[in-house]
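>>> Output the structure for:
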Amino acid sequence: MSLSFALSKPLVDYGRAIREWGVSECRPYAREADERHRTPENWSKILDTAPVPLGRHDLPHAEPKPTFEESNWVRDVVFYESINYGDVWVQPALGGGIGHLVVSAMGTPEQVERWHDPVVSGGLTTAFALTEPQFGSDTSQVATTATRDGDAWVLNGTKIFCSAGGTAEYIVVFATTDKSLRGKGVSAFVVPKGTPGLVVAKFNENKLGIRCWITSELVFDNCVIPVENQLGWTADAAGGPKQSGHSGALAALAFNRPNMGAMAIGLAQASLDVTTKLLAERKVGFTPHRWSSIQGELAKMDHVLARGRRLLFQSQYLVGRGTPDGAAAAMAKGYPPQTCERLIRRCMQLLGPEGTSKDLLLEKWYRDVKIMDIFEGSGEVQRIVVGRTLMGRLVS
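Here you go, the predicted structure:
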């Protein structure tokens, strides 16, 4: 792929096919998914109509997403934008998760073979439990404890807003083994579903947006797991983690953060396209000067989305060639969501009262996009990372 980040025609066609299918087959169920706080009842049949492979995790032998001359990392940002262009309910229906990314980043070869490779090959869903009631972005404040008891660890604490926590094959839980060490005392533990002491206190939180996404509250009440479930360690406590749980959490999120930016751009592009179409139908009601002003504003919105895509492509291009850059990933997560939130809000304003009506989906997409600036590392934190990198205080 060239440094201009011009995508190959096959990848462009793949994204276009997903968007067109999403509009015709998935978007009609968007309001239902939002109001019922779950995916449509016939979600599997809807996914069966997809004209291209989606890499479904709900089917054990589903055809994987195709590969292109670009890396799979670049392909994925195209995929996430395109799949969310229809509506956000589609993505969680496909399954997946990011817990196995932590296993890959921190696990021993045996742990990777046990918990990462089967997930990738078998299409299993994994969860990532970090956020707690008293903190969001500051991972050093983890209060969930892990206490060694012979050949086991005993976990106690509460996690909230854990994506797929109520359905995942296993959950990677971040807990502290020594509170005095703050972030350095945090370790990562694999907790399989059904483990005694793992309680799904709330299957799905009642949220402002992405209401159909399962984000669970989990309680660990003397939850006992084998000592080898601590990532980076063997059963006899030999070896040691490649990095702290704190660093492992951030590393796993860094790879996925640009995908959050892509999701936001998908929603914003959908909002812009709906708004442009409706305004064009009403062109006769505007004076030439007013219409020229509106056209200019719509063009500027399209330009900022293109800028956001370039950040995504740059970040994931670097990952694909084996030279990931933390600041590039932070920019790809920090810029699009806030920008897309403002863009959708402006689209609603241009449409007047209809823009906030439930007759359209813009008000829903506006609620959905707001979370993308918060979860998996807030935009504020990403801008701190970028600033510190520019000042030489962080090394990518």
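>>> domains of the protein?
Split into domains by automatic domain parsing, the chain comes to 1-95+244-396, 123-243.
>>> So what's the gap between the last one and the chain middle?
The reference is to domain 123-243. Taking C-alpha atoms, centre = their mean, to the nearest Å, one finds the center of domain 123-243 at 18 Å from the center of the full chain.
>>> Same check on the longest one?
Between the mean C-alpha point of domain 1-95+244-396 and the mean C-alpha point of its chain there is a distance of 10 Å (C-alpha atoms, centre = their mean).
>>> Residue 147 against residue 176, yeah?
No. Taking C-beta atoms under 8 Å as the definition, residue 147 is not a contact partner of residue 176, at 10.0 Å. The C-beta positions use only the backbone N, C-alpha and C, and glycine is treated the same way.
>>> the more surrounded of these two?
Set residue 147 next to residue 176 and count neighbours by other C-beta atoms under 10 Å: residue 176 wins out with 23 against 12.
>>> which residues sit in contact with that one?
Taking C-beta atoms under 8 Å, 6 or more residues apart in numbering as the contact definition, residue 176 lies against 142-146, 185-187.
>>> Where does the closest residue to residue 358 other than its chain neighbours sit, in terms of helix or strand?
Spatial nearest neighbour of residue 358, excluding adjacent residues (C-beta to C-beta, 6 or more residues apart in numbering): residue 31 at 7.1 Å. Using DSSP states H and E, the element containing residue 31 is helix 30-36.
>>> Using PDB, list the CA coordinates for that helix.
In PDB, the C-alpha atoms belonging to helix 30-36 read as follows (Å, rounded to 0.1, in the frame of the first residue of the first chain):
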ATOM      1  CA  ALA A  30     -31.900  -0.400  14.000                       C
ATOM      2  CA  ARG A  31     -34.800   1.200  15.900                       C
ATOM      3  CA  GLU A  32     -36.000  -2.100  17.200                       C
ATOM      4  CA  ALA A  33     -32.500  -3.100  18.500                       C
ATOM      5  CA  ASP A  34     -32.200   0.300  20.200                       C
ATOM      6  CA  GLU A  35     -35.600   0.200  21.900                       C
ATOM      7  CA  ARG A  36     -35.400  -3.500  22.900                       C
END
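>>> residues making contact with stretch 388-395?
Contacts with stretch 388-395, where a contact means C-beta under 8 Å, 6+ apart, come from 326-327, 330, 385, 396.
>>> wait, stretch 191-210
Residues outside stretch 191-210 that contact it (C-beta under 8 Å, 6+ apart): 37-38, 88, 155, 158, 160-161, 165-166, 168-173, 213-225, 229, 364, 366-371.
>>> Restricted to buried residues, select those in ChimeraX.
Here is the ChimeraX command that picks out the buried ones among the contacts of stretch 191-210, judged by 16 or more other C-beta atoms under 10 Å:
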select :37,38,88,155,158,160,161,165,166,168,169,170,171,172,173,213,214,215,216,217,218,219,220,223,224,225,229,364,366,367,368,369,370,371
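>>> Which parts of the stretch 101-250 of the chain are helices?
Per DSSP state H, counting those that start in this stretch, the stretch 101-250 of the chain carries helices over the ranges 109-111, 117-122, 245-281.
>>> Could I get the ones you listed in TSV, plus columns for mean neighbour count?
Formatted as TSV, those follow (neighbours: other C-beta atoms under 10 Å):
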stretch	mean neighbour count
helix 109-111	13
helix 117-122	14
helix 245-281	23
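>>> What backbone torsions are found at residue 208?
phi -60, psi -50 (degrees, to the nearest 10).
>>> give me the number of residues near it?
By other C-beta under 10 Å, the residues close to residue 208 number 10.
>>> before we move on, what about residue 54?
Residue 54 has 23 nearby residues by other C-beta under 10 Å.
>>> Now do the SS call for it.
Following DSSP: H, G, I helix; E, B strand; the rest coil, residue 54 is assigned to coil.
>>> Show me what the lowest-mean-pLDDT helix or strand in the chain is in contact with.
Sorting the helices and strands of the chain by mean pLDDT, DSSP states H and E puts helix 117-122 at the bottom, at a mean of 83. By C-beta under 8 Å, 6+ apart, the surrounding residues in contact with helix 117-122 are 60, 100, 124, 126, 169.
>>> The last one: what's it in contact with?
If you count contacts by C-beta under 8 Å, 6+ apart, residue 169 has them with 119, 124-126, 192-193.
>>> Pipe those into JSON lines and attach distance to residue 302 per row.
Output for the contacts of residue 169, formatted as JSON lines (distance: C-beta to C-beta, whole Å):
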{"residue": "119", "distance to residue 302": "38"}
{"residue": "124", "distance to residue 302": "39"}
{"residue": "125", "distance to residue 302": "35"}
{"residue": "126", "distance to residue 302": "36"}
{"residue": "192", "distance to residue 302": "46"}
{"residue": "193", "distance to residue 302": "44"}
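>>> ok, and the most crowded of these?
When neighbours are counted by other C-beta under 10 Å, residue 126 leads these with 25 neighbours.
>>> Could you verify my assumption that that one touches residue 170?
Yes. Using C-beta under 8 Å, residue 126 is in contact with residue 170, at 5.9 Å.
>>> before we move on, back to that, of the contacts of stretch 388-395, just the buried ones, PyMOL syntax please.
PyMOL command restricting the contacts of stretch 388-395 to the buried ones, with burial defined by 16+ other C-beta under 10 Å:
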select buried, resi 326+327+330+385
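>>> Closest one of the contacts of stretch 388-395 to residue 311?
Ranked by distance to residue 311 (C-beta to C-beta), the contacts of stretch 388-395 are led by residue 330 at 9.8 Å.
>>> which other residues reach stretch 310-320?
1, 5, 7, 70-74, 76-77, 255, 258, 261-262, 265, 324-325, 328-329, 331-332, 335-336.
>>> Quick one, which of those are buried?
By 16+ other C-beta under 10 Å, the contacts of stretch 310-320 give 1, 5, 7, 70-74, 76-77, 255, 258, 261-262, 265, 324-325, 328-329, 331-332, 335-336 as buried.
>>> Among the residues you listed, name the ones in helices.
Counting by DSSP state H, the part of the buried ones among the contacts of stretch 310-320 found in helices is 72-74, 76-77, 255, 258, 261-262, 265, 328-329, 331-332, 336.
>>> I am finished for the moment; much appreciated.
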